[in-house]
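S.K.: sequence first, then the predicted structure, then my questions.
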Amino acid sequence: MLVNQQTIQFQWGDCDPLGIVYFPRYFEYFDDCTNALFQKAGFPKQELLQKFGIAGIPMVETRASFLMASRFGDTVTVETRISEWGRTSFSVHHRLYRGEELAVEGFEKRVWTVRSGSDPHAIKGEPIPQEVKDKLNG
């Protein structure tokens, strides 16, 4: 299974008035880390959209477990991998470590989507190409 590691140093703008990382920021980082995983597999986002003609890979479910607080100035490492494949969807697992300690676990479910019909805003799930699965499985 392909794993991407990304190092992040939290900035003041990531934090609440007490200097603790504000929880929505983690979901932004998880989205960035998912994109970095696809890039590591050889699919930068722009190429992914063009090559496969998809509308995107939107999240349809997300959650996180916050095990310890992170603060302004902390440096963490996020490990990201695909944890499960469906026909049109996949699950992503993020583990955020502060040093050796697991601080946050994030989970996403995303859908491989294409435009649907004449409505430019309508999308629908489409089967994920085997080529994509193979490269992300490492």
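M.R.: Thanks, I have the structure now.

S.K.: excluding chain neighbours, what is closest to the residue nearest the centre of the chain?
M.R.: With distances taken as CA atoms, centre = their mean, residue 34 lies nearest the centre of the chain, 2.9 Å away. In space, not counting the residues next to it along the chain, residue 34 is nearest to residue 92; the distance is 5.3 Å by CB to CB, 6 or more residues apart in numbering. C-beta: built from backbone N, CA, C; applies to glycine.

S.K.: tell me which element the one you found falls in.
M.R.: Residue 92 is part of strand 89-98 when elements are defined by DSSP states H and E.

S.K.: again with residue 131
M.R.: Assigning secondary structure by DSSP H and E places residue 131 in helix 130-136.

S.K.: re the thing from before, need the pLDDT of the residue nearest to residue 34.
M.R.: Residue-level confidence at residue 92 comes out at 98, pLDDT.

S.K.: that one: neighbouring residues, count only.
M.R.: The criterion is other CB atoms under 10 Å. On that basis, residue 92 has 24 neighbouring residues.

S.K.: ditto for the one 10 residues further on
M.R.: Residue neighbour count, defined by other CB under 10 Å, stands at 14 for residue 102.

S.K.: how near is it to residue 96?
M.R.: 7 Å (CB to CB, to the nearest Å).

S.K.: and stretch 70-89, what's buried?
M.R.: 70, 72, 74, 76, 78, 79, 80, 81, 82, 89 (16 or more other CB atoms under 10 Å).

S.K.: cool, stretch 25-36 as well?
M.R.: Of the residues in stretch 25-36, 25, 26, 27, 29, 30, 31, 33, 34, 35, 36 count as buried by neighbour count, 16+ other CB under 10 Å.
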